[in-house]
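Colleague: mind looking at a prediction? Sequence and model below.
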Amino acid sequence: MMDIDIAKIPYIKTEIPGPKSRVLLDEQRRYETASVTYPRSFPIAIRYAKDSLIEDMDGNIFIDWLTGISVLNLGYSEFIRNAVKSEMESTWHALEIPTEARIEFLKALNEAFPSNMRDYKTIFGISGADACETAVNIAHQVSGKNAYTIVFEGAYHGVSGGIIAATYEDKYKAGNNSPGFRVIRAPYPGILWENYSVDDVIEYIQTAIRENDIDSLLVEPILGEGGYVVPPSGFLKALRKLCDDNNIIMIVDEVQSGMGRTGKMWAFEHDGIKPDIVCVGKSVGGGIPMSLVYYRKDFDDKLPVPFHLGTYRANPLALAAGREVIKRTPAVLDSVRERGKELLKRLGEIDSDSIAQVRGRGFMIGIELGRNDKPLDSITMNKYKKSMIEHGIIMHTCGHYGNTFRFMAALNIDQKLLDTGVEIFDKVVSTQW
Ligand SMILES: Cc1ncc(COP(=O)(O)O)c(C=O)c1O
């Protein structure tokens, strides 16, 4: 893929999957669990990835609007590759024993939060689920109770033992019989086919608070897997007030919306609130698995030792990669806000009978497909999805009906790749299936 002419991208020269990809996909099916999901949506085998380009085994080169689901917020960058290579020269496993990269990461993370949150503490994890589960456990330790947590419709917080209960969709729970945390689920305002207002939701939660023992509330500032839904303004502020008035710990899940994705380092900053606990994952390790929870310092006294364990937490390679990402993200935020606004406008102007709504913030944009006041059915959606990858764009979907295309390209993507991508997207969704 060396010396590629960006004007010629995407470059598709075989059917998808091509013959070489097909061999690896077949072998994967032979050896790996039948429950793998992503190769069903993206039937290619990857040979090489660089910045916002992915080359498959057959030499097809795709524009990456997936970023491993918001994990590669600065793309497959050379500076991440180099940071990992150079850390390998030092060490690649250290438990919790400090290294320079670890301390540099922690300092950079601290500076990436608003000034009124710089005295918070960090606890590391590996996955987003791990971070969210730890966050709720911190809340329970602080309250001293195993009380209820308020969670929301459309929410996705992971699928491990305790946190599975907070995730909304039944399809994610089918293979997990764990009862999980005790939760009370409230509607999320702003979902297209539901339309609950902020007042409706606050009233619902107030009633729940009167009737139950609740110690925490876990919320995504923009619904991620639930459909890239931006709640009406005032929602997070109203939740913050509700939590303050009722001694409830407010946990904000920034696993998908954080690390610059919305044009601010953290999506909650758009609303000017101060969460008690923040869950961070995905892009924080630059693509090397790592997550963390950032929590109020006074909560520290309430945590037993040991509290949250795991051999692989905060791997040195992830810390070195994450340090680069955190340090470099502030420099792209203005451009994400500006380019995101422009993109929202351009996507909103696409003249297609199949687009029901375009919404989003920064580089977290959902294009929901529907016709005749109904979400588009999954068979038609699959045709659009197949067409996108055949045209050379790797783009995922989300939402309760799986009918929302989600734009989550790297924040530093070349403008030409955005322009070409929008042209292709326009062409694909303007086709009537
Ligand atoms: C908002 C949010 N929280 C938590 C998770 C779970 O993260 P992981 O898949 O790393 O466990 C996700 C994953 O998509 C997410 O979007």
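Modeller: Yep, that arrived. On a predicted model such as this, the values are computed, not experimentally measured, just so you know.

Colleague: ok, the closest residue to residue 16 other than its chain neighbours to residue 18 distance?
Modeller: Leaving out its chain neighbours, the residue that sits closest to residue 16 by CB to CB, 6 or more residues apart in numbering is residue 390, at 5.2 Å. (C-beta placed from N, C-alpha, C; glycine too.) Taking CB to CB, to the nearest Å as the criterion, residue 390 is separated from residue 18 by 11 Å.

Colleague: tell me where the stretch 151-300 of the chain has helices.
Modeller: Taking DSSP state H, counting those that start in this stretch as the criterion, the stretch 151-300 of the chain carries its helices at 198-211, 235-246.

Colleague: what number of residues are in the vicinity of residue 107?
Modeller: Counted by other CB atoms under 10 Å, the residues lying close to residue 107 total 13.

Colleague: which element, helix or strand, includes it?
Modeller: Under the criterion DSSP states H and E, the helix or strand holding residue 107 is helix 100-111.

Colleague: now for that helix, which elements pack on it?
Modeller: With contacts defined as 3 or more CB pairs under 8 Å, 6 or more residues apart in numbering; DSSP states H and E, helix 100-111 has these neighbours: strand 121-125, helix 316-328.

Colleague: so which of those gets nearest the ligand?
Modeller: Comparing the helices and strands packed on helix 100-111 against the ligand with CB to the nearest ligand atom, the closest turns out to be strand 121-125 (9.1 Å).

Colleague: picking up where we left off before, my guess is the residue nearest to residue 16 contacts residue 12. True?
Modeller: Yes - using CB atoms under 8 Å as the test, residue 390 is close enough to residue 12 to be in contact (7.1 Å).

Colleague: per-residue pLDDT of the residue nearest in space to the middle of the chain, please?
Modeller: The chain has residue 256 as the residue nearest its centroid, 2.1 Å off, counting by CA atoms, centre = their mean. Per-residue confidence (pLDDT) for residue 256: 98.

Colleague: residues contacting the nearest residue to it once chain neighbours are set aside?
Modeller: Distances taken as CB to CB, 6+ apart put residue 224 closest to residue 256, at 3.6 Å, once the chain neighbours are dropped. When contacts are counted by CB atoms under 8 Å, 6 or more residues apart in numbering, residue 224 is found next to 70, 156, 255, 256, 257, 364, 398.

Colleague: top of the residues you listed by neighbour count?
Modeller: Result: residue 256 is most packed of these (other CB under 10 Å), 29 neighbours.

Colleague: how about the residues of the stretch 1-150 of the chain near the ligand?
Modeller: Proximity of the stretch 1-150 of the chain to the ligand, by CB under 6 Å from any ligand atom, involves residues 69, 127, 128, 129, 132.

Colleague: so the last one lies in a helix, does it not?
Modeller: The reference is to residue 132. Yes - checked against DSSP: H, G, I helix; E, B strand; the rest coil, residue 132 lies within a helix.

Colleague: contact partners for the one residue in the chain that gets nearest to the ligand?
Modeller: Using CB to the nearest ligand atom, the closest approach of the chain to the ligand is made by residue 128 at 2.1 Å. For residue 128, the contacting residues are 157, 158, 253, 255, 256, 279, 281, 282, 291, taking CB under 8 Å, 6+ apart as the criterion.

Colleague: interface residues of the stretch 201-350 of the chain facing the ligand?
Modeller: Proximity of the stretch 201-350 of the chain to the ligand is confined to 220, 224, 225, 253, 255, 256, 281 under the rule CB under 6 Å from any ligand atom.

Colleague: report the two of these separated the most.
Modeller: Spatially, the most separated pair among those is 225 and 281, at 12.9 Å (CB to CB).

Colleague: how about low-confidence regions in this protein?
Modeller: For the chain, the stretches with pLDDT under 70 are 1-2.

Colleague: care to break it down by domain?
Modeller: Domain segmentation of the chain under automatic domain parsing yields 6-76+332-429, 79-331.

Colleague: quick one: end-to-end distance for the shortest one.
Modeller: Looking at domain 6-76+332-429, the gap from its leading to its trailing residue is 23 Å under the measure CA to CA, to the nearest Å.

Colleague: one more: stretch 162-169?
Modeller: The stretch stretch 162-169 measures 15 Å between its terminal residues, going by CA to CA.

Colleague: pretty sure residue 378 is touching residue 397, no?
Modeller: No - here residue 378 lies out of contact with residue 397, judged by CB under 8 Å, at a distance of 9.9 Å.

Colleague: anything in contact with each of these two?
Modeller: For the pair residue 378 and residue 397, residues contacting each of them under the criterion CB under 8 Å, 6+ apart are residue 403.

Colleague: okay, the two: which has more neighbours?
Modeller: Higher neighbour count among residue 378 and residue 397: residue 397, with 23 against 12, using other CB under 10 Å.

Colleague: just confirm that one contacts residue 405, I think it does.
Modeller: Yes - in this structure, residue 397 sits in contact with residue 405. The criterion is CB under 8 Å, and the distance is 5.6 Å.

Colleague: on that earlier part again, okay, residue 225 and residue 281: which has more neighbours?
Modeller: The residue with the greater number of neighbours, taking residue 225 and residue 281 and applying other CB under 10 Å, is residue 281; the counts read 28 against 21.

Colleague: quick one: residue 68 from residue 409, how far?
Modeller: Distance check for residue 68 against residue 409: by CB to CB, it reads 12 Å.
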